[in-house]
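**Student:** Predicted structure and sequence below. I'll ask about it afterward.
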Amino acid sequence: MTVQYTYIDSPVGQVWVAWCREGLVSVGFADQPKGAQIDPDWEYNAALRCPAVDQLQSYFAGTLREFDLPLVLRGTEFQKRVWRLLATIRYGETTTYGAIAAQLGKPSASRAGHSPSAPEYGAALRKEWRGSMPARPPA
């Protein structure tokens, strides 16, 4: 899988977008030591044009509220379940760790969002996709 990335300007600073034929790989803030990072194997392409760049620019311009992007989810099966559930949250809606855990059939896992005792659940909620949700996961 060949992944390319580029930088775009946003109202909150420069953002990078990583894309491949299958869809959106990752999004992150430039110059941030924590959170999503650019993989050294990805190719920089200053002229990259892809649906993710177009939709993010429209979102930042205030003309788009819902993303319609295929996501390349990389993680455990449980993390992917969490991300697919997060993708169903509509623009302007809110939820809680408890509600997400209950929908996943693991109501006691809600404490894991902030707990090292169940790192997989917390990692799924904190991982790089938080900035690009909601978006439509691949079928």
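**Tutor:** Sure, I can see it. On a predicted model such as this, the values are computed, not experimentally measured, just so you know.

**Student:** how near is the residue in the chain sticking out farthest from the centre to L69?
**Tutor:** Relative to the C-alpha centroid of the chain, counting by C-alpha atoms, centre = their mean, S108 is the outermost residue, at 24.2 Å. Between S108 and L69 the computed distance is 32 Å (C-beta to C-beta, to the nearest Å). (C-beta placed from N, C-alpha, C; glycine too.)

**Student:** And F29, by the same measure?
**Tutor:** 18 Å.

**Student:** Who has more neighbours out of the two?
**Tutor:** Neighbour totals were compared for F29 and L69, and L69 leads with 22 against 15 (other C-beta atoms under 10 Å).

**Student:** pretty sure that one contacts P51?
**Tutor:** Yes. Contact criterion C-beta atoms under 8 Å: L69 and P51 qualify, at 5.8 Å.

**Student:** Which helix or strand in this protein has the lowest average pLDDT?
**Tutor:** Between all helices and strands in the chain, the lowest mean by mean pLDDT, DSSP states H and E belongs to helix 119-126, at a mean of 46.

**Student:** which residues sit in contact with D39?
**Tutor:** Contact analysis of D39 by C-beta atoms under 8 Å, 6 or more residues apart in numbering lists V3, A18, S26.

**Student:** Kindly confirm my reading that it is in a helix.
**Tutor:** No. Judged by DSSP: H, G, I helix; E, B strand; the rest coil, D39 forms no part of a helix; its state is coil.
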